[in-house]
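A.B. asks: heads up, no residue letters with this:
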């Protein structure tokens, strides 16, 4: 169950990063509220996951899901640039996440 919590926490990190961008510096109420609620949920689930998953693994995977997820949201929803180097960087992050998961007892 801890891994499911961690995965959902990572997805919520993507939500809060995107909604923070949409809040325009917390000047728009709706996206600002979504940001804060998603942050709280993400942190709470991360804390729950860390009851059984080691800190280094949990934090690395949480931030990795957030980083790659935000990268994909930026490309698909915000028309951010796509190039070979950015894709290679995201691929390396995902490879690191897989290795971290496989190395965690």
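C.D. replies: On my side now, so go ahead. A quick note: this is a predicted structure, and the numbers were derived from the prediction, not measured.

A.B. asks: give me the pLDDT for the closest residue to residue 12 other than its chain neighbours.
C.D. replies: Spatial nearest neighbour of residue 12, chain neighbours left out: residue 42 (3.7 Å); criterion: C-beta to C-beta, 6 or more residues apart in numbering. Where C-beta positions appear, they are placed from N, C-alpha and C, glycine not excepted. Looking at residue 42, its pLDDT stands at 98.

A.B. asks: is it true that residue 42 touches residue 17?
C.D. replies: No. Assessed by C-beta atoms under 8 Å, residue 42 is found out of contact with residue 17, at 9.8 Å.

A.B. asks: the two: who's more crowded?
C.D. replies: Neighbours per residue (other C-beta atoms under 10 Å) separate residue 42 from residue 17, with residue 42 holding more: 23 against 20.

A.B. asks: please, which helix or strand holds that one?
C.D. replies: Per DSSP states H and E, residue 42 falls inside helix 29-49.

A.B. asks: helices or strands up against that helix?
C.D. replies: helix 2-22, helix 55-78 (3 or more C-beta pairs under 8 Å, 6 or more residues apart in numbering; DSSP states H and E).

A.B. asks: need the winner for burial among the ones you listed.
C.D. replies: helix 2-22 (a mean of 19; mean count of other C-beta atoms under 10 Å).

A.B. asks: so for that one, mean pLDDT?
C.D. replies: Helix 2-22 comes out at a mean pLDDT of 98.

A.B. asks: from here on, count from 43
C.D. replies: Fine by me, first position is 43 from now on; the one you just mentioned is helix 44-64.

A.B. asks: can you give me the offset of it from its chain's centre?
C.D. replies: 5 Å (C-alpha atoms, centre = their mean, to the nearest Å).

A.B. asks: not counting it itself, show me its contacts.
C.D. replies: 68, 70, 73-74, 76-78, 80-81, 83-88, 90-91, 93-95, 100, 103-108, 111-112, 115, 119-120, 143 (C-beta atoms under 8 Å, 6 or more residues apart in numbering).
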